[in-house]
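Q: sequence plus the predicted model coming up.
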Amino acid sequence: MEVVSRNGSTAHRTGSFHVLFWSSVGNCRTGARSQVLMSAFGLSGHSMVDGFAEVVVEMALLATVTQRRSDYRPNHKHPLTGEFFLGGIVFDTGHIDPGQTALARVRLITRLEDLDALLQFGSWSIWEGPNHVGHARIIELISRKP
């Protein structure tokens with residue numbers, strides 16, 4: 001299923017796996033992006049996507065990855081459910097090199113029950129399509145809604 005929201009972002013939904021391509025929300029705060037996501041999927045009012053958090057993580061990029069990564073939105077795989085969720089990564093140094101670790105802020109968007117379990121578990125894997133590229137471990141919870 002493909003939905004184009006009012007601001008031009010495109011959302012694709014297949015089963016429980018959601019991918020959102022943002023074309024014009026670079027300066028939006030997390031709440032605004034969340035509203036775009038929720039409205040793109042018709043989730044306003046009641047929502048499968050109702051948990052939001054910003055965390056500081058230590059991210060390790062696997063040595064098998066061939067290029068440096070800068071701020072981006074890879075796939076995040078929940079360690080207990082195996083489902084993917086949304087999360088933008090902003091590195092403290094602006095990038096991470098293969099085989100290295102770096103501190104970063106991650107804005108997580110997922111179902112409330114998955115967010116609770118994820119925060120309690122404290123870590124997850126990072127994927128780009130079918131390729132496992134890294135791992136994130138929570139260092140600090142900055143904010144959370146609800």
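A: Nice, I can see it.
Q: rest of the way, CA atoms for contacts and neighbours
A: Will do.
Q: ok, residue 88 touching residue 70?
A: No - using C-alpha atoms under 8 Å, residue 88 is not in contact with residue 70; the gap is 10.9 Å.
Q: out of the helices and strands in this protein, which is least certain?
A: strand 17-21 (a mean of 34; mean pLDDT, DSSP states H and E).
Q: picking that back up, higher neighbour count, residue 88 and residue 70?
A: Under the criterion of other C-alpha atoms under 10 Å, the comparison of residue 88 against residue 70 puts residue 88 first, with 19 against 15.
Q: quick one: contacts of the helix or strand harbouring that one?
A: Using DSSP states H and E, residue 88 falls within strand 84-91. Residues outside strand 84-91 that contact it (C-alpha atoms under 8 Å, 6 or more residues apart in numbering): 17-20, 70-78, 102-110.
Q: which ones among those residues lie within helices?
A: Among these, no member is found in helices (DSSP state H).
Q: can you list the domains in the protein?
A: The chain breaks down by automatic domain parsing into domains covering 2-40, 51-145.
Q: now, of these, which is deepest in the fold?
A: Stretch with highest mean neighbour count among the domains of the chain: domain 51-145 (a mean of 17; mean count of other C-alpha atoms under 10 Å).
Q: quick one: strands adjacent to the strand ranked longest in the chain?
A: In the chain, with assignment by DSSP state E, the single longest strand is strand 131-145. Strand 131-145 pairs in its sheet with strand 51-61 (antiparallel), strand 123-128 (antiparallel), by DSSP bridges.
Q: and the ones you listed: which comes nearest residue 94?
A: Closest approach to residue 94 among the strands paired with strand 131-145 (C-alpha to C-alpha): strand 51-61, 12.7 Å.
Q: among the domains of the chain, which gets the worst mean confidence?
A: Mean pLDDT is lowest for domain 2-40 out of those, coming in at a mean of 40.
Q: so who does residue 112 touch?
A: Residues near residue 112 by C-alpha under 8 Å, 6+ apart: 48-52.
Q: please save the CA atoms from the strand holding residue 88 in PDB.
A: Written as PDB, here are the backbone C-alpha positions of strand 84-91 (Å, rounded to 0.1, in the frame of the first residue of the first chain):
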ATOM      1  CA  PHE A  84      11.200  -3.300  12.200                       C
ATOM      2  CA  PHE A  85      10.500   0.200  13.500                       C
ATOM      3  CA  LEU A  86      11.300   3.800  12.600                       C
ATOM      4  CA  GLY A  87      14.200   5.800  14.000                       C
ATOM      5  CA  GLY A  88      16.400   8.600  12.800                       C
ATOM      6  CA  ILE A  89      20.000   8.600  13.900                       C
ATOM      7  CA  VAL A  90      22.100  11.800  14.500                       C
ATOM      8  CA  PHE A  91      25.700  11.100  15.300                       C
END
